[in-house]
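> Sequence and predicted structure, then a few things I'm wondering about:
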Amino acid sequence: MRQSLSTLSIETAGEGFTDITAAVERTIAESGLDTGLCLVFALHTSCSLTVNENADPRVLQDLTTYMRALVPHHGVSPLGGEGTWHPYRHNDEGPDDMPSHIRTALTATSLTLSFQAGRLVLGTWQAIYLWEHRRAGQRRRIRLHLIGEAGG
């Protein structure tokens, strides 16, 4: 068994999804490993990672709409819908700071994926996305930890 560690630098356009599948697969290919596991970890608290559909862009649009409804930017109200809105207290980096942290807590900051023959094992319509929760574009660091065996 061999291991490989690397870091991807990903530029996001702001709130939404950035497909990082090709960058992860490139890193696997460059590692010289053939079969193993790839841990993908976001080194941030205001973005997350997801495996989701890559064929119909409406899926990603609907996920964004759902998350905006679940975690609004301007504050929170009782889940029953009755009562007053309460603004978030934590806003050190702007009004989208706390909602971004909540969205990250509700999703995932790491994924563990198999690879075989130097390629990710994904379903036909699956891709790996960095899900940016901040409104403005960001530079994100994604750590990859590969554990596997070289081809032979």
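Alright, I've got the coordinates.
> residues touching the most centrally placed residue in the chain, list them.
The chain has Leu49 as the residue nearest its centroid, 1.9 Å off, counting by Cα atoms, centre = their mean. Neighbouring residues of Leu49 by Cβ atoms under 8 Å, 6 or more residues apart in numbering: 40-42, 107-111, 128-131, 142. Just so you know, the C-beta spots here come from the backbone N, C-alpha and C atoms, and that holds for glycine as well.
> Where does Thr104 sit: helix, strand or coil?
At Thr104 the chain is in helix, as set by DSSP: H, G, I helix; E, B strand; the rest coil.
> Thought His133 was touching it, still the case?
Yes: counting by Cβ atoms under 8 Å, Thr104 touches His133, with 6.2 Å between them.
> mind listing what the host helix or strand of the residue nearest to the centre of the chain pairs with, with the direction of each?
Using DSSP states H and E, Leu49 sits within strand 47-53. Strand pairing for strand 47-53, using DSSP bridges, gives strand 126-132 (antiparallel).
> who touches the partner strand?
By Cβ under 8 Å, 6+ apart, strand 126-132 touches 10, 12-21, 24, 40, 42, 47-54, 60, 63, 103, 107, 111, 113, 120, 122, 138, 140, 142.
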